[in-house]
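Asker: generate a structure from the sequence data that follows.
(one chain, ligands or ions: 2)
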Amino acid sequence: MTTPEATQGTQPVAVVCVGMAGSGKTTFMQRINSYLHTQRTPPYVINLDPAVRNVPFDSNIDIRDSVNYKEVMKSYNLGPNGGILTSLNLFATKIDQILNLLEKRTMPDPAKPEAKPIQNILVDTPGQIEVFVWSASGAILLDSLASTFPTVIAYIIDTPRTTSTSTFMSNMLYACSILYKTKLPMILVFNKTDVQDAEFAKEWMTDFQAFQAALEKEQEAGSFGGMEGSAGGMGGSGYMGSLLNSMSLMLEEFYSHLSVVGVSSMTGAGIKEFFEAVGEKAEEFNKEYKPELDRKRKQREADKIANREKELGKLMKDMAVSGEPSTRKAPVAVDNDTLSDMEDDADDAAEDDDEGLTSRYKQALDETTGHEEGSAQDDHSFARYIKASQMGF
Ligand SMILES: Nc1nc2c(ncn2[C@@H]2O[C@H](COP(=O)(O)OP(=O)(O)OP(=O)(O)O)[C@@H](O)[C@H]2O)c(=O)[nH]1
Ligand SMILES: [Mg+2]
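Answerer: Ligands and ions are numbered 1, 2, ... in the order given. Got it, this is the predicted structure:
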C-alpha cells in the first residue's frame, strides 16, 4: 500500500469536504489535519464556512477573516442561508488571490530548500451543502481549484443516520447528484464508525442481493411500504420498495466509480485508508478528469471566439457598415477631421473606415468578453459584478 507522500508526489491534492449538516465535516477536517501533521506533511487549510463559531483547527485561509456573516445578513436583510450564500459570493471575488497564494505555497521555495512544499490542500464547506454545491460561487471556487490542482471531493456521511435503506438511498442519490454537478472524483467517507460500523453500507454498495434483503426485512418489520413487482420476487402493493430496487440497480454504475472508506473522526480509525483513496483518486483525476476539463475549457474558449465573431458580424450587418456609404455613415459618430479625410478620398476612406470600425468593435467586444482563459474569465467578470454590487458594503 502507498503512503500519501508516495502517491501524490510533488503535485498537491485538494480535498474538498462536503456533506449534510452535522455529518462531521469539521471534525473530519480536524482529524485529517492532525494526521498529516503527524506524517510531517502539514496541509494548507481553508475554511469556507462563514457561519461556524469555532474552527477546531488552524486554518491558513478563513472566510470569516474577510467576510462577516452576521453583518452580511444585517446589511442585505437576509436569512441564515442567504447570508451564507452571499458571504460565499463575496469571498469568491478573492479567488485569484487565493489561487496565487496556493500556487506560491505549493511550489518549492529556493530560499528555503529545507521547507517541504505543501502536498495537501484541505477545504471545509458550510453545513448547508446546497449553498456550496449548487451556487455560482461554489462552482467558481471548485472549478478554479480543479483547474490548478488535482481536486477530490470527500462526501462525508453520518453513518449512524444512514442505516435504513431509504435514508441510505437518499444519501447515495445526493452524492450522485454532487458527482454529476461537480464532475470531480469522489470518495464516500462513512464517518462516525465508532458509533456504527460501515460494513453494512459497503455490502449494500457491492451486493445488490444484500440491499434487497435489507429492504425485505424493513418491509416485514413494517418500517417500509410493501414491495411490488418482480424486482425482489416479493408481493405487496407499495411502490417504494420497487422504486428503491430499480434505483439501486441504476446506482450500481455510480458505485463502481467511487472509493468508499469507513472512518471515525473521533478515534482516527480509517484515516490512513482515506489518504490511500485520495492518492488513487488524484491519479484518476490526472488520467481521466483533467483531459476532459482541459477539453471543455478549450471548447469554451473556441465557442467564445466563434460567438464573438458572430456577434461582430451581426453588429456590422445591423449597422450596415459594409453597405452603401450613405446608410453606413449615419449611425457612426465621427469628428470633423475624419469627415474631411473621407471627403478627400471617399473610396479609400470607406475601406479604412470599415476596417477601423471593425477593429474598434472587435476591441470593444474583447473588452466585454475578456481575454482570459476558460473559467478564469468567468471568475473575473463575476468578481467585477460582485465588486460592483459590493460598493459601499
Ligand atoms: N461519535 C462520533 N461523533 C462525531 C464524529 N465526527 C463528528 N462527530 C460529532 O458530530 C457532530 C457534528 O460534527 P461537525 O464536525 O460539527 O459536523 P459538520 O458536518 O461540520 O457540521 P456543520 O458544519 O454544522 O454542517 C459533533 O457533535 C461531533 O462531535 C465521529 O467520528 N464519531
Ligand atoms: Mg462544520
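
Asker: the residue in the chain that ligand 1 sits nearest to: neighbour count?
Answerer: Of all residues in the chain, residue 127 sits closest to ligand 1, at 2.3 Å by Cβ to the nearest ligand atom. Bear in mind the C-beta positions are built from the backbone N, C-alpha and C, glycine included. Residue neighbour count, defined by other Cβ atoms under 10 Å, stands at 18 for residue 127.

Asker: without its sequence neighbours, what residue ends up closest to it?
Answerer: Residue nearest to residue 127 in three dimensions, not counting chain neighbours: residue 21, with 3.7 Å by Cβ to Cβ, 6 or more residues apart in numbering.

Asker: which residues of this structure lie near ligand 2?
Answerer: Selection of the chain residues close to ligand 2 by Cβ under 5 Å from the ion yields 25, 26.

Asker: which residue does the chain bring closest to ligand 2?
Answerer: Using Cβ to the ion, the point where the chain gets nearest to ligand 2 is residue 26, with a distance of 3.3 Å.

Asker: on contacts alone, who are the packing partners of the one helix or strand that residue maps to?
Answerer: Counting by DSSP states H and E, the element that carries residue 26 is helix 25-38. For helix 25-38, the packing partners by 3 or more Cβ pairs under 8 Å, 6 or more residues apart in numbering; DSSP states H and E come out as strand 13-19, strand 120-124, strand 151-158, strand 186-191, helix 271-284.

Asker: in contact with the residue sitting nearest the centre point of the chain, which residues?
Answerer: The central residue of the chain, meaning the one whose C-alpha is nearest the mean C-alpha position (Cα atoms, centre = their mean), is residue 142 at 3.0 Å. For residue 142, the residues meeting the contact criterion (Cβ atoms under 8 Å, 6 or more residues apart in numbering) are 16, 151, 182, 184.

Asker: for it, give its distance to residue 92.
Answerer: Residue 142 is 10 Å from residue 92, where distance means Cβ to Cβ, to the nearest Å.

Asker: residue 65 now?
Answerer: Relative to residue 92, residue 65 is positioned 15 Å away (Cβ to Cβ).

Asker: between those two, which has more neighbouring residues?
Answerer: Under the criterion of other Cβ under 10 Å, the comparison of residue 65 against residue 92 puts residue 92 first, with 23 against 10.

Asker: you'd agree the more buried one is up against residue 141?
Answerer: Yes - at 5.9 Å, residue 92 and residue 141 qualify as touching, with contact defined as Cβ atoms under 8 Å.

Asker: where's residue 102, which helix or strand?
Answerer: Counting by DSSP H and E, the element that carries residue 102 is helix 95-105.

Asker: can I get that helix as PDB, trimmed to CA atoms?
Answerer: Output for helix 95-105, consisting of C-alpha atoms alone and laid out as PDB, is shown next (Å, rounded to 0.1, in the frame of the first residue of the first chain):
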ATOM      1  CA  ILE A  95     -10.400  33.500  -5.800                       C
ATOM      2  CA  ASP A  96      -7.500  34.900  -7.800                       C
ATOM      3  CA  GLN A  97      -5.600  36.000  -4.700                       C
ATOM      4  CA  ILE A  98      -6.300  32.600  -3.100                       C
ATOM      5  CA  LEU A  99      -5.000  30.700  -6.100                       C
ATOM      6  CA  ASN A 100      -1.900  32.900  -6.200                       C
ATOM      7  CA  LEU A 101      -1.300  32.100  -2.600                       C
ATOM      8  CA  LEU A 102      -1.800  28.400  -3.100                       C
ATOM      9  CA  GLU A 103       0.500  28.300  -6.100                       C
ATOM     10  CA  LYS A 104       3.200  30.100  -4.100                       C
ATOM     11  CA  ARG A 105       2.800  27.800  -1.100                       C
END
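
Asker: about what we covered before: need the helices and strands packed on helix 25-38 in JSON lines with mean pLDDT, can you?
Answerer: What follows is the helices and strands packed on helix 25-38, written out as JSON lines (pLDDT from 0 to 100):
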{"stretch": "strand 13-19", "mean pLDDT": "96"}
{"stretch": "strand 120-124", "mean pLDDT": "96"}
{"stretch": "strand 151-158", "mean pLDDT": "96"}
{"stretch": "strand 186-191", "mean pLDDT": "97"}
{"stretch": "helix 271-284", "mean pLDDT": "95"}
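
Asker: coming back round to it: so what touches the helix holding residue 26?
Answerer: By Cβ under 8 Å, 6+ apart, the surrounding residues in contact with helix 25-38 are 4, 15, 17-19, 42-43, 45, 49, 52, 55-58, 120, 122, 124-125, 127, 154, 156, 189, 191, 263, 265-266, 268, 271-272, 274-275.

Asker: just the buried residues of those residues.
Answerer: Buried residues within the contacts of helix 25-38, defined by neighbour count using 16 or more other Cβ atoms under 10 Å: 4, 15, 17-19, 42-43, 45, 49, 52, 55, 57, 120, 122, 124-125, 127, 154, 156, 189, 191, 263, 265, 271-272, 274-275.

Asker: list the contacts for the residue nearest to residue 92 when sequence neighbours are not counted?
Answerer: Counting by Cβ to Cβ, 6+ apart, residue 137 is the residue found nearest to residue 92 once chain neighbours are left out, at 3.7 Å. With contact taken as Cβ under 8 Å, 6+ apart, residue 137 is in contact with 85, 88, 89, 91, 92, 382.

Asker: tally of neighbours for the residue nearest to residue 271 when sequence neighbours are not counted?
Answerer: In space, not counting the residues next to it along the chain, residue 271 is nearest to residue 35; the distance is 4.8 Å by Cβ to Cβ, 6+ apart. For residue 35, the tally of surrounding residues (other Cβ under 10 Å) stands at 17.
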